[in-house]
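Q: Here is my input, please return the structure:
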Amino acid sequence: MSDDHRRSRPDLCVPTVRLLGSFALHVDTDTIPLPVDSRRLVAYLAVHRRPQPTAALAADLWPGVNPSAAARLLDEAVAAVDVPGLLTGDDQGRLALCDDVAVDLSDAMLLIRALSGIRVEHRPDLELLESDILPSWTASWIAVERERFRQLRLSAMESLSAGLTAADQHDDAIAVARRVVAAAPSRERSRRVLVEAMLAGGDVSGAMAEYTEFQELLRSSIGATTDSELDRLLAPLDSGWPLGPGLHRPVQRWSVGMPGVRGSRPAGRRLAAGSPASGR
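A: Numbers count the residues shown, from 1 in each chain. Purely as a prediction, here's the structure:
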């Protein structure tokens with residue numbers, strides 16, 4: 001019987017592992033419960049798709065435990081995974097998920113790679129990039145992978161927003177940037193791509209509001225604001241631009257073209273009524 005025929009049989013449904021947001025194991029429409037240690041094992045192998053030596057695997061899953069005891073715990077965790085087509089071992093004694101197992105993290109990584117090479121014409125479905133890897137789990141091995149994925153997904157969405165801005169898809173650019181800002185409110189680059197998208201679409205007051213919110217967030221979290229790209233992007237010629245005590249007034253740099261605004265601006269012109277620069 002061919003592989004295609006075997007895979008088409010209803011009793012050989014492909015398992016699906018979810019890591020983004022929370023853990024789940026599905027086979028067809030059924031959710032499969034697992035003991036705690038078995039969940040940790042499956043999650044580890046879903047994050048690290050290459051075959052894992054059992055000694056290193058046990059050491060990562062049970063740090064500080066005697067190697068022989070950790071090996072026994074690993075054997076028990078494997079035995080408790082009674083799901084055909086989920087785990088596989090090789091002749092070197094290494095463990096892995098079967099190649100056919102679907103993992104949402106793997107799909108998310110494919111999307112991140114695809115975003116760097118697509119022609120920006122519309123906003124793709126970004127649901128896979130909205131959640132962290134197992135945010136409630138505290139093991140050191142997952143914390144490292146969670147932060148790595150977080151940086152990759154945020155950077156991918158920031159680049160997508162910038163590309164949409166460059167393609168004059170301002171509404172989509174703003175929508176993507178807002179997702180990134182919601183995920184990382186104090187991340188300057190995320191806020192900057194949102195401000196750039198707003199300026200490119202002509203929403204100066206919205207851009208100023210985002211700038212003000214970012215500055216207030218910094219003051220509340222670290223007690224001060226810092227000189228940033230946002231300052232240089234938004235600072236008007238008005239000498240009264242309020243950056244706060246002890247901070248340098250940035251040099252104006254209009255890096256985003258605004259509809260109806262020329263590159264050289266007359267001295268003293270303010271951005272918008274009601275903005276910090278307008279005095280109203």
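Q: Quick one: low-confidence residue ranges for the stretch 1-150 of the chain.
A: Regions of the stretch 1-150 of the chain meeting the criterion pLDDT under 70 cover residues 1-12, 117-122.
Q: try it again with 80
A: For the stretch 1-150 of the chain, residues meeting the criterion pLDDT under 80 lie at 1-12, 116-124.
Q: Name the SS class of residue 135, please.
A: The local conformation at residue 135, judged by DSSP: H, G, I helix; E, B strand; the rest coil, is coil.
Q: who's in contact with it?
A: Contacts for residue 135 were tallied using CB atoms under 8 Å, 6 or more residues apart in numbering; they are 21, 146. C-beta here means a position set from N, CA and C on the backbone, and glycine is covered the same way.
Q: next one: phi and psi at it?
A: The phi/psi pair for residue 135 (degrees, to the nearest 10) reads phi -60, psi -20.
Q: Got the domain ranges for this protein?
A: Taking automatic domain parsing as the domain assignment, the record places the domains of the chain at 3-100, 107-234.
Q: Kindly compare burial across the ones you listed and name the winner.
A: Each of the domains of the chain was given a mean neighbour count from mean count of other CB atoms under 10 Å, and the largest, a mean of 18, is that of domain 107-234.
Q: got the end-to-end distance for that one?
A: For domain 107-234, the first-to-last residue distance is 38 Å (CA to CA, to the nearest Å).
Q: try stretch 20-31
A: The first and last residues of stretch 20-31 sit 16 Å apart, counting by CA to CA.
Q: ok now it, how far from the chain's centre?
A: Averaged C-alpha coordinates place stretch 20-31 at 21 Å from its chain's average position (CA atoms, centre = their mean, to the nearest Å).
Q: Which residue ranges of the stretch 1-150 of the chain form strands?
A: If DSSP state E, counting those that start in this stretch is used as the criterion, the strands of the stretch 1-150 of the chain fall at 15-18, 24-27, 30-31, 52-53, 87-89, 94-97, 102-103.
Q: Just put those strands in TSV and tack on distance to residue 158.
A: Supplementary listing: those in TSV, determined by distance: least, CB to CB, whole Å:
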stretch	distance to residue 158
strand 15-18	25
strand 24-27	29
strand 30-31	34
strand 52-53	33
strand 87-89	37
strand 94-97	31
strand 102-103	24
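Q: Quick one: closest of those strands to residue 131.
A: strand 15-18 (9.7 Å; CB to CB).
Q: Check the offset of the closest one from the chain's centre.
A: 20 Å.
Q: That strand pairs with which strands, parallel or anti?
A: Here strand 15-18 has these sheet partners by DSSP bridges: strand 24-27 (antiparallel), strand 102-103 (parallel).
Q: what's that strand in contact with?
A: Residues from elsewhere that reach strand 15-18 (CB under 8 Å, 6+ apart): 23-27, 32, 42-43, 46, 83, 85-86, 97-98, 101-104.
Q: Next, give phi and psi for residue 124.
A: Dihedral pair for residue 124: phi -80, psi 170, per degrees, to the nearest 10.
Q: Dump the strands paired with strand 15-18 to CSV, plus distance to residue 176.
A: Below are the strands paired with strand 15-18 laid out as CSV (distance: least, CB to CB, whole Å):
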stretch, distance to residue 176
strand 24-27, 27
strand 102-103, 24
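Q: Show the subsequent helix or strand relative to the helix or strand in which residue 215 is found.
A: Remark: residue 215 resides in helix 204-222, with elements defined by DSSP states H and E. Beyond helix 204-222 on the C-terminal side, the first helix or strand identified by DSSP H and E is helix 229-234.
Q: Tell me the gap between that next one and the middle of its chain.
A: Its chain's C-alpha centre lies 24 Å from the corresponding centre of helix 229-234 when counted by CA atoms, centre = their mean.
Q: do the same with stretch 229-236
A: Remark: stretch 229-236 is offset 26 Å from the chain centroid, using CA atoms, centre = their mean.
Q: So for residue 170, which of the strands of the stretch 1-150 of the chain sits nearest?
A: strand 15-18 (33.7 Å).
Q: CA-only coordinates of the closest one, as PDB, when you get a sec.
A: The C-alpha trace of strand 15-18 is given here as PDB (Å, rounded to 0.1, in the frame of the first residue of the first chain):
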ATOM      1  CA  PRO A  15      -2.100  14.500  14.900                       C
ATOM      2  CA  THR A  16      -1.900  18.300  15.400                       C
ATOM      3  CA  VAL A  17       0.000  20.000  18.100                       C
ATOM      4  CA  ARG A  18      -0.900  23.600  19.200                       C
END
